[in-house]
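Visitor: the amino acid sequence is not available; the structure is as follows:
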């Protein structure tokens, strides 16, 4: 049975049990501050478990793209080393939202595994929650009794809270779970050791394949448990493991989920995968796994970057590149070559990669190119570190190689061994932990439990039609972040738009019987609209007049509507390959990221601005319609990759022949309200992604006024020339000529200083020494002087110092022979003899180093200290 057939049989089975089959949510999470990526099948249904949203169907099943590389589920370093950890994986799942419970969930899981997939019942074991005395929780008797109906009692094992009690996080829905494990060992091995003794004991061949979670409780902030108003079922079965079991393989990587990719890597690298634990075999597994995580996260809208989710993707990509560079001896981009094969494999289940194949491939190739250049720089840097190291590479240096150049500690260790050096790995771990602690501290938010005022309260958004309403607070809570206290309030109904789709959240006021509370922001957490305030009213249970800041809202709407006009203009001018890759809409400006692989020319920018301004002057009515998603797409509406849309969507139309987009944001009534549109800036932000910053409405008026004011100032400064551009060109030309003259004079001055210095040369124990304070205009001239002197000296030590703009600058130059004979290194001299005197620091190569400092009063003393090293 192929993996595609296994996946389809799962979905067909639960469809026959009355489940609605839903598509996978994007792998990149939005509107959930607790997650960067979807790391479990239940993530997209979190709102149903929390009671923030009512499901369209009480029974649902799907296959969900998941990613586990950071936070609680950090499996990255295990991936490729063992046979079952993955970065991206598929999670098959079925859910009941207040419908069926333990009886049906257990019966159906057994039926699917043993009757549909025909797994050997004698190889299966199940675990049930044994209870927990501290929590006051009894054994899960209901699950135990249901299992007794289908499996021998000696195959029902009791599990502790760690293994058999599932929690969403520190707070939130939770409950006992029952796991199904399979023993994949040979019959011979099974006779020697009873399989039940290996369950949940990290045996690579006795593995969990399905977890049925029964959500009965809500974990509160104080750690106590409260019963949920409705009981839910949340199950998850790892697709890759299931395929391995059904196909009778010993490793996930031996299944047809991965074998096609491994064969392609063999062809590209001309290496053979040997199924071992060698570094070469691990590299094959790393690449075949990592390419999936990289491809699907980019397809879902997350570009590699230096922070947040983008940094996780960059880290995965660089780990893969390190493996093919170091262990498959492949020195050029490889990953992007695997994209067409991957897209074909998943075209019927996750079609978004096929739809963006060219874009994703180009992004990945540019990332690979950039890292391979960084890798070369890193190798040069490690040469410098080795040159200045004693018997070991310090922990800080090893961490710099890891953090700046992406070197894993094992690569640093390997290079150190080749040079008879030791790596201070404990020091490296200290640096790593400090970085983690800094990251945690920066992002830690302490959130208290909700104080519920209206248990059955709704959370309705009415801000499309009203900007001021009377309502009530449903619940509130206190939060602490970076030492500051704030409050989050949820209303029965609200006119405040919560940040989403690139549009910032509304600000405004709450009026509680005359007590005014400022609303500083509005955000979504899962599906809950949360208002941020710095204080609470005296009487929070009274009616509240919720009033949006109308000026800020309207200016934000102006920029949101301008974004739609811009998007359409970009597609007209540059081509239909242009797709939105990010957006920020505020009351001050818009920022729009889009797929394009070349810098926009001045002519293209003018064309785009002209089209948008023509649409503004046409005063086109902005039509907002709600319709079924399929109908909207059929009508030509543009949807964004990586967004999760419901069956009913909101469509924004600005002339059906020009701009139709799915959008939940707020907009102006007609394009004439935008007044004027102007692009401020255009640049690259990532591989294959450009960014435009632009303004419309009053901010555009302000920009034009500022630019005209600057022109006026320049005209006045240049004494009112008729043609400003010609006057500026003349000024630049004169400046260039004067600079050339200055450089020529400085060059002559340096030669004169060099000749003077050669006259001051001293010989100390057979070493030529020059030490002097010189007058030069910049630090570069100090280095130039050193190079000039080098040509006229042998067996030398040179120390030159200068006070430039009141600050100290020092350069130290050593002859290679002196460095070796005297065991002297320029960076060490800077660090140990000079840095303290000038209150600064510096560094450089073994025979040439420079330093800068704030104190220029001790330059002669610094020279004398170096001179003393030669006596």
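Guide: Arrived safely, thanks for sending. Since the structure is predicted, the reported quantities are computational estimates derived from the model, not experimental observations.

Visitor: any chance you could list what contacts stretch 421-430?
Guide: Here stretch 421-430 makes contact (CB atoms under 8 Å, 6 or more residues apart in numbering) with 386, 389, 391-396, 398-399, 402, 409, 412-413, 416. (C-beta placed from N, C-alpha, C; glycine too.)

Visitor: could you look up the SS state of the nearest residue to residue 452 once chain neighbours are set aside?
Guide: Spatial nearest neighbour of residue 452, chain neighbours left out: residue 475 (4.6 Å); criterion: CB to CB, 6 or more residues apart in numbering. Three-state call for residue 475 (DSSP: H, G, I helix; E, B strand; the rest coil): strand.

Visitor: could you do residue 557 as well?
Guide: When classified by three-state DSSP, residue 557 comes out as helix.

Visitor: give the contact list for it.
Guide: By CB under 8 Å, 6+ apart, the contact set of residue 557 is 666, 667, 668, 673.

Visitor: give me the distance between the last one and residue 257.
Guide: Between residue 673 and residue 257 the distance is 53 Å, computed by CB to CB, to the nearest Å.

Visitor: more neighbours: which of those two?
Guide: Using other CB atoms under 10 Å as the criterion, residue 673 and residue 257 rank with residue 257 on top: 27 against 17.

Visitor: quick one: that one is in a strand?
Guide: No - under three-state DSSP, residue 257 sits outside any strand and is assigned coil.

Visitor: quick check: phi and psi at it.
Guide: With angles defined as degrees, to the nearest 10, residue 257 sits at phi -70, psi -30.

Visitor: export the contacts of residue 557 as a markdown table, with columns for distance to residue 653.
Guide: Converted to a markdown table, the contacts of residue 557 look like this (distance: CB to CB, whole Å):
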| residue | distance to residue 653 |
| --- | --- |
| 666 | 15 |
| 667 | 10 |
| 668 | 13 |
| 673 | 16 |
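
Visitor: with secondary structure, pLDDT and distance to residue 294 added, can I get these in a markdown table?
Guide: Output for those, formatted as a markdown table (DSSP: H, G, I helix; E, B strand; the rest coil; pLDDT from 0 to 100; distance: CB to CB, whole Å):
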| residue | secondary structure | pLDDT | distance to residue 294 |
| --- | --- | --- | --- |
| 666 | coil | 96 | 35 |
| 667 | coil | 97 | 35 |
| 668 | coil | 97 | 39 |
| 673 | helix | 97 | 42 |
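
Visitor: pick out whichever of the residues you listed sits closest to residue 289.
Guide: Closest approach to residue 289 among the contacts of residue 557 (CB to CB): residue 666, at 42.1 Å.

Visitor: give me the neighbour count for that closest one.
Guide: Neighbourhood size, residue 666 [other CB under 10 Å]: 22.

Visitor: re earlier: please pick the buried ones from the contacts of stretch 421-430.
Guide: Among the contacts of stretch 421-430, those that count as buried by neighbour count (16 or more other CB atoms under 10 Å) are 386, 389, 393, 394, 395, 398, 399, 402, 409, 412, 413, 416.

Visitor: how near is the most centrally placed residue in the chain to residue 396?
Guide: With distances taken as CA atoms, centre = their mean, residue 309 lies nearest the centre of the chain, 1.5 Å away. Going from residue 309 to residue 396 by CB to CB gives 28 Å.

Visitor: could you do residue 129 as well?
Guide: Distance from residue 129 to residue 396, counting by CB to CB: 47 Å.

Visitor: quick one: the helices in the stretch 401-550 of the chain, in order.
Guide: Counting by DSSP state H, counting those that start in this stretch, one finds helices in the stretch 401-550 of the chain at the ranges 409-418, 425-443, 550-574.

Visitor: and the next helix or strand after the last one, what does it pack onto?
Guide: What that stands for is helix 550-574. Using DSSP states H and E, the helix or strand that follows helix 550-574 in sequence is strand 580-585. Under the contact criterion of 3 or more CB pairs under 8 Å, 6 or more residues apart in numbering; DSSP states H and E, strand 580-585 touches helix 550-574, strand 590-595, strand 689-696.

Visitor: between the two ends of stretch 143-158, what distance do you get?
Guide: In stretch 143-158, first residue to last residue: 11 Å (CA to CA, to the nearest Å).

Visitor: which positions within it qualify as buried?
Guide: For stretch 143-158, a neighbour-count test (16+ other CB under 10 Å) marks 143, 144, 146, 147, 151, 155, 156, 157 as buried.

Visitor: report the residue spans of the protein with pLDDT below the cut-off.
Guide: 31-34, 70-75, 408, 410-411, 414, 436-445, 641-642 (pLDDT under 70).

Visitor: what's the following helix or strand after the helix ranked longest in it?
Guide: For the chain, the longest helix by residue count, based on DSSP state H, is helix 724-759. Downstream of helix 724-759, the first helix or strand assigned by DSSP H and E is strand 762-764.

Visitor: from residue 611, how far off is residue 597?
Guide: According to CB to CB, residue 597 and residue 611 sit 21 Å apart.

Visitor: who's more crowded, those two?
Guide: Per other CB under 10 Å, whichever of residue 597 and residue 611 has more neighbours is residue 611, with 19 against 15.

Visitor: so which helix or strand takes in the more buried one?
Guide: helix 602-617.

Visitor: buried residues in that helix?
Guide: Neighbour counts over helix 602-617 (16+ other CB under 10 Å) mark 604, 607, 608, 609, 611, 612, 613, 615, 616 as buried.

Visitor: could you dump those into CSV with distance to residue 579 added?
Guide: As requested, the buried residues of helix 602-617 are exported to CSV (distance: CB to CB, whole Å):
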residue, distance to residue 579
604, 17
607, 19
608, 16
609, 21
611, 18
612, 18
613, 23
615, 20
616, 23
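
Visitor: what angle do the helix holding residue 611 and strand 689-696 make?
Guide: Angle, helix 602-617 to strand 689-696, by axes from the mean of the first three to the mean of the last three CA atoms, to 10 degrees: 40 degrees.

Visitor: and after helix 602-617, which helix or strand comes next?
Guide: Next helix or strand after helix 602-617 toward the C-terminus (DSSP H and E): strand 623-628.

Visitor: and the helix or strand just after that following strand, which residues are buried?
Guide: Going down the chain from strand 623-628, the next helix or strand is helix 629-634, by DSSP H and E. Neighbour-count burial for helix 629-634, counted by 16+ other CB under 10 Å, picks out 629, 632, 633.

Visitor: helices or strands up against helix 629-634?
Guide: strand 648-654, strand 659-662.

Visitor: please repeat the previous calculation with a cut-off of 7 Å.
Guide: strand 648-654 (3 or more CB pairs under 7 Å, 6 or more residues apart in numbering; DSSP states H and E).

Visitor: what angle do the strand it packs on and helix 602-617 make?
Guide: Per the same axes, to 10 degrees, the angle that strand 648-654 makes with helix 602-617 is 100 degrees.

Visitor: for strand 648-654, buried residues please.
Guide: Neighbour counts over strand 648-654 (16+ other CB under 10 Å) mark 649, 650, 651, 652, 653, 654 as buried.

Visitor: how far off centre is that strand?
Guide: Between the centre of strand 648-654 and the centre of its chain there are 30 Å (CA atoms, centre = their mean, to the nearest Å).

Visitor: okay, the angle between that strand and helix 550-574?
Guide: Using the same axes, to 10 degrees: strand 648-654 against helix 550-574 is 80 degrees.

Visitor: helices or strands up against the strand or helix carrying residue 372?
Guide: For residue 372, the host element (DSSP H and E) is helix 357-388. Here helix 357-388 touches helix 279-299, helix 308-327, helix 339-345, helix 395-405, going by 3+ CB pairs under 7 Å, 6+ apart.

Visitor: change it to 8 Å
Guide: Judged by 3+ CB pairs under 8 Å, 6+ apart, helix 357-388 is in contact with helix 279-299, helix 308-327, helix 339-345, helix 395-405, helix 409-418.

Visitor: outside of stretch 319-329, which residues touch it?
Guide: With contact meaning CB under 8 Å, 6+ apart, stretch 319-329 is reached by 76, 80, 265, 269, 271, 279-280, 282-284, 286-287, 290-291, 294, 330-331, 334-335, 368, 371-372, 375, 406-408, 411.
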